[in-house]
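Visitor: got a sequence here, can you build the structure:
(chains A, B and C)
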Amino acid sequence: MFKVFIAILQKDLRENFLSNKAWFSISFFMLSLLIFPLSFGKGNLEEQNIIIPAIWIAALFSNLIALEQMYKDDFKDGTLLYYSINGISMSIIVVAKCISHWLFCGLPIAIIAPICSYIFSGESNNFYLFLTLFLGTAILTLIGSPISAIMLGISARGPMLTFITLPFYLPTIIFGVMGSNVTNNNINAEIYLLLAILSLGIVIFPILTIKILRTVIN
Amino acid sequence: MLNKIIFFFEMDGYAFFIWSAYAFWFFLLTLLSIKVISRKNSIEKKIKELYLKEQ
Amino acid sequence: MLLKKIHRFANPNKFLKVIYPFKKISLYMAVFLLFIGLMDALLFSPPDYQQSQTVRIMYIHVPSAWVSLLAYIMIFFFSLMYIIWKFPLFILIAKEIPIIGISFTLITLVTGSLWGKPTWGTYWVWDARLTSFLVLLFIYMGLIFLEKAFKFSNNGDISFAYISIIGAINIPVIKFSVDWWNTLHQPASVFRLDGPTISAEMLIPLIIMSLGILFLFFFLALTNVESAIQEKKINSQNFRG
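Guide: Have a look, this model is predicted:
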């Protein structure tokens, strides 16, 4: 079972690495970060303290853009059907998909964001930004996975997916931004809340995704 | 008598908030009811036409 | 046992016959109670000692909020029952409620902000209760769009059911947000463990208005369900009488 999991994960990562769909989201993140200083005109970024909200908005939308592709290609060329016919457990597929999605749309953003924040605003104490983004992007991926599976049925899914997913992302955004804004080294409650959401989400959302995928495929 | 009516409509100076809230409530509920009932009526009409066609 | 009882009503034709008297009764009750409630709320109830006359907005704000929460809870339970027992009637009922729920949510938000201006000084604050109610509005919108998007596909039902179940996470957040966070919004004063803290002169019109709104909601929902069943009958081409 573990061998199958590794094989599927390797296939997903290779496909993501070779095609442009995963690189697209990280480059979208950089591009949309570029827009924020430009849209503020001559206003000073350091005074306005806009960089943390900007990073969170950019991370959210780059995650959303990649979400649409999460199961679509494998569903369209019949790979998912092939897996299910060959008796491969659906949970392996879902976990592998979530991990590969997060490795390409969550982790790079969490690593790049502190550097971007340093370049834009000159603040060097960015450990909390990294930590909240590290947890937050994983939550975003987990929440997005069942909704992405649901959307396999309809043809015009881009705007629909965005509209339905965004309300469910809001708690993560609220706690993430609150957690990133902490500058002193005290233990803060928002990171614990994010951890709680993450540990609940790891249990609930893959199960939902498995149920939905089963009904969609059959 | 007239004074009393005017006093009632003034609502201690909060007339704008109270009456616009009630007006919005009434407007939206009326709109919703009209939409629901007209949908029902159009379907009944359709059923009647189909019934006549079958006969 | 329960399943057998539900089976009897799962036939849409029987269901139509069962709900017809309920629909009529709830229409008459809604008109009667709303009339009495409005008279009581606007003419006879006393002004509050803190908020003076603006407290009259409460008699439309609070019942709408309760009904919009109740509508979502009903959608949630009907979706859950659809996923468990796979009766198409349940999802048909669940799909007709969002359009009513979104109207009551909109009423709650608008009257709430009109109430907030004289008492808090602003139309809107980004506190927990208001934000979570706004999220409820967007979830209702998403459900309506989803229902429209799946018009020509056959697995729209199951998607609707799952999305409404995921969205139900928001309901406890709305209910307990005033207890968990320090907000401007006042805490619950009617549904409390130690009994309501609101005075009887204001509680009576509030209860009458809530019952009236509740019966109006039932009337609208039942009418919508009736027309949805008949629409399905026409579309499936096996129309008999």
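Visitor: can you give me the end-to-end span of stretch C:49-67?
Guide: Start-to-end span of stretch C:49-67 (CA to CA, to the nearest Å) is 27 Å.
Visitor: point out where the chain drops to low pLDDT.
Guide: Just going to use chain A. Applying pLDDT under 70 to chain A flags residues A:42-48, A:123-125, A:155-158, A:182-187.
Visitor: oops, wrong one, chain C.
Guide: C:1-10, C:151-155, C:178-184, C:190-196, C:237-241.
Visitor: swap the cut-off to 50 and go again
Guide: Applying pLDDT under 50 to chain C flags residues C:239, C:241.
Visitor: need the longest helix for it.
Guide: Ranked by number of residues, the top helix in chain C under DSSP state H is helix C:200-235.
Visitor: quick one: that helix near chain B?
Guide: Yes - on the criterion CB under 8 Å from any CB of the partner chain, helix C:200-235 is in touch with chain B at C:Leu216, C:Leu220, C:Thr223, C:Asn224, C:Glu226, C:Ser227, C:Gln230, C:Glu231, C:Lys233, C:Ile234. For glycine as for every other residue, the C-beta is placed from the backbone atoms N, C-alpha and C.
Visitor: okay if I get the residues you listed as JSON lines plus neighbour count?
Guide: As requested, those are arranged in JSON lines below (neighbours: other CB atoms under 10 Å in any protein chain shown):
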{"residue": "C:Leu216", "neighbour count": "24"}
{"residue": "C:Leu220", "neighbour count": "26"}
{"residue": "C:Thr223", "neighbour count": "21"}
{"residue": "C:Asn224", "neighbour count": "21"}
{"residue": "C:Glu226", "neighbour count": "22"}
{"residue": "C:Ser227", "neighbour count": "20"}
{"residue": "C:Gln230", "neighbour count": "18"}
{"residue": "C:Glu231", "neighbour count": "16"}
{"residue": "C:Lys233", "neighbour count": "18"}
{"residue": "C:Ile234", "neighbour count": "14"}
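Visitor: give the buried residues for the longest helix of chain C.
Guide: By neighbour count on 16 or more other CB atoms under 10 Å in any protein chain shown, the buried set for helix C:200-235 is C:202, C:205-206, C:208-231, C:233.
Visitor: remind me, longest helix of chain A?
Guide: Using DSSP H, we find that the single longest helix of chain A is helix A:189-217.
Visitor: ditto for chain B
Guide: The helix that spans the most residues within chain B, counting by DSSP H, is helix B:15-54.
Visitor: hey, where'd the strands end up in chain C?
Guide: For chain C, no strands are identified by DSSP state E.
Visitor: need the residues of chain A near chain C, please.
Guide: Checking chain A against chain C by CB under 8 Å from any CB, the hits are A:146-147, A:150-151, A:153-154, A:156, A:160, A:163-164, A:166-168, A:170-171, A:174, A:208, A:211-212, A:215-216.
Visitor: which strands and helices sit next to the longest helix of chain A?
Guide: Applying 3 or more CB pairs under 8 Å, 6 or more residues apart in numbering or on different chains; DSSP states H and E, we find helix A:189-217 packed against helix A:79-85, helix A:90-105, helix A:127-150, helix A:158-180, helix C:156-167.
Visitor: swap the cut-off to 10 Å and go again
Guide: When contacts are defined as 3 or more CB pairs under 10 Å, 6 or more residues apart in numbering or on different chains; DSSP states H and E, helix A:189-217 packs onto helix A:72-76, helix A:79-85, helix A:90-105, helix A:127-150, helix A:158-180, helix C:156-167.
Visitor: now do that helix and helix A:158-180, the angle between them.
Guide: On the basis of axes from the mean of the first three to the mean of the last three CA atoms, to 10 degrees, helix A:189-217 is oriented at 160 degrees to helix A:158-180.
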